[in-house]
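S.K.: What follows is a protein structure lacking sequence information:
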């Protein structure tokens, strides 16, 4: 229980941090102060116009000192052993002298019952290190919004000196495609069961994966071995990725510390290959332009909705009823926006 | 060689059709006149403002009598035997009393050297039937444009009484995702080779497929059998589609007329399942709303580009150089459009 004085102190700290200038926030982030980093991410998540201006200015400060981490997306359904894997990977990296940030995205927190956000006892060992930072994103309805906040959080974490950013999703929602467009490497965790036994993961994720890691090799050694072979074969049916990287399948057991090392070695191989070929830089540039365009389109659409939601709703109904074609409908909406009659 | 008189006659016919009113075009289409249908699709493809108005009016006429076909996307790399398969499937359907339209999309015609458009000797048997209609789309740079023209061509073909619309793509470009959002059933043709031997098909297509058909079962019977098993296993790794449909793998040989029948029976099973569950109707409604929104977003973006392409180019460069974040960039572009300073 917190005492009256502690509450006072917490409130004071909060107010103090809210009052911090962009320059102070930036200095705090650069010095690696995790509590300032948290305040900055909260600022990014704020929908208050004044906060947004401040957040934009802060991002602008951080961009020149960002980009120096490897950004890894990690996904898998609840129960696959994601927390354990991330904690073990994180500790391995800390031991190797790295600074590790974990950003957890869970836009479908109602469906998954807060599997990420709710459980405060997750990754306790990792969380206790001053070289680690764990942050769940506030869930939201707009995927574009979640993507933007995550992307900006990555920039802040990089400015704070984190070398490895792990972005965690639950693999049941729409967010994985967005995460794929935010990260350098995409890792899919799978249970050693397949086909009809395995449901819940969203279609399309498999082909995004740079690697599949089969968990629970200890509990089900035979199944795990089979699963590795089956997935290896399946991934071979896919063409190579644009990067030239051929997706890999590894097994993992929480009781075998070598298994998490093997995963990390693979990611390092990936990174050095793609840095050398210049693909990583190219990919990040493409990602930036992609998000710029997506963001403009979303803003325009939101603007349209806010200006004439009744009209759009009406037109949408006509389209659903098959009374007008989607293109004629879009023409009418467009004309309305740019003021043509 | 055409004589002077024939040329005159062709020119006269062309001018005559150009002068047709929307009502006459509609009547011609409804009567099943393939030459009027062709003129109407040309009208859709025209970029002349007056033509576009006429095309819109025509589509508006056709919508109430459209929607009664099954729309099948068929994709596969050059050399997989797509033309032969489509011709045999088409003839099977003609024999069963159906009317069959084939729309070929090849937005990347430079890359594939006109594999679809160039070869005028393709599907000669199918083309000669009055109950079949084959039409390549004019290639273009804008995927949205190709999708729109194809979608509107489907409507015209349905108004002309075609029961089965086959939409053909070459599987190397970006168009497959679009075709998936235009069709009821998505069929992927594959050679009986896999993995490193098989390149060229775009990643992500596999997971769109409602069925994979392994071609050349006659030339490589053993390989074909293996491929069927391997793909069956691989598709089993994917979760079921939203429709509840479990993707199937079949083999096909041009010398085994039963093999093409089996493919058609499967599609009929799919159709009856999804009609019964109401999913097909639901899916088409979703597709319409999807295309409406995509189309508005594209129009707005094009409008932006036409209004301030220099500004956008400048901002895009700043983003690529990492000088500003994609979101700040998008904010600036957005403000410019809606006239904020």
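M.R.: Cool, the structure landed. The structure presented is a predicted model; accordingly, all values stated were derived computationally and were not measured.
S.K.: Nearest residue to residue A:215 in space, please, no chain neighbours.
M.R.: Setting aside the residues directly before and after it, residue A:215 is nearest to residue A:81 in space (CB to CB, 6 or more residues apart in numbering or on different chains), at 4.3 Å. C-beta coordinates here come from the backbone N, C-alpha and C atoms, glycine included.
S.K.: Hmm, that neighbour is touching residue A:214, no?
M.R.: No - Residue A:81 is not in contact with residue A:214 according to CB atoms under 8 Å; the separation is 10.3 Å.
S.K.: Low-confidence regions, the stretch 1-150 of chain A specifically.
M.R.: Filtered on pLDDT under 70, the stretch 1-150 of chain A yields the residue ranges A:1-4, A:13-14, A:16-18, A:106-121, A:138-144.
S.K.: can you give me the helices for it?
M.R.: Counting by DSSP state H, counting those that start in this stretch, residue ranges of the helices within the stretch 1-150 of chain A are A:4-18, A:22-30, A:34-45, A:49-62, A:82-95, A:124-127, A:143-159.
S.K.: contacting residues around the second one?
M.R.: Applying CB atoms under 8 Å, 6 or more residues apart in numbering or on different chains, the set of residues contacting helix A:22-30 from outside is A:20, A:36-37, A:39-40, A:43, A:54, A:57-58, A:61-62, A:65, A:156, A:159-161.
S.K.: From those residues, keep the buried residues only.
M.R.: Among those, those scoring as buried are A:20, A:36-37, A:39-40, A:43, A:54, A:57-58, A:61-62, A:156, A:159-161 (criterion: 16 or more other CB atoms under 10 Å in any protein chain shown).
S.K.: just to revisit the earlier point, joint contacts of residue A:81 and residue A:214?
M.R.: residue A:252.
S.K.: Looking at these two, which is more packed in?
M.R.: residue A:214 (30 against 19; other CB atoms under 10 Å in any protein chain shown).
S.K.: of all the contacts of helix A:22-30, which two lie farthest apart?
M.R.: When the contacts of helix A:22-30 are compared pair by pair using CB to CB, the two farthest from each other are A:54 and A:161, 21.8 Å apart.
S.K.: Check the burial of the nearest residue to residue A:148 once chain neighbours are set aside by counting its neighbours.
M.R.: Residue nearest to residue A:148 in three dimensions, not counting chain neighbours: residue B:327, with 5.4 Å by CB to CB, 6+ apart. Other residues within reach of residue B:327, judged by other CB under 10 Å, total 26.
S.K.: For residue B:327, which residues are in contact?
M.R.: Neighbours of residue B:327 in contact, by CB under 8 Å, 6+ apart: A:56, A:59, A:148, A:151, A:152, A:291, A:292, A:295.
S.K.: Next, it: phi, psi?
M.R.: Recorded main-chain torsions at residue B:327 are phi -80, psi -40, according to degrees, to the nearest 10.
S.K.: and the residue nearest in space to the middle of chain A, what helix or strand is that in?
M.R.: Among the residues of chain A, the smallest C-alpha distance to the mean C-alpha position (CA atoms, centre = their mean) belongs to residue A:167, namely 4.0 Å. With elements delineated by DSSP states H and E, residue A:167 resides in strand A:164-169, which encompasses its position.
S.K.: quick one: contacts of that strand?
M.R.: A:69-75, A:82, A:86, A:89-90, A:93, A:98-106, A:116, A:150, A:154, A:157-158, A:175-176, A:179, A:182-183.
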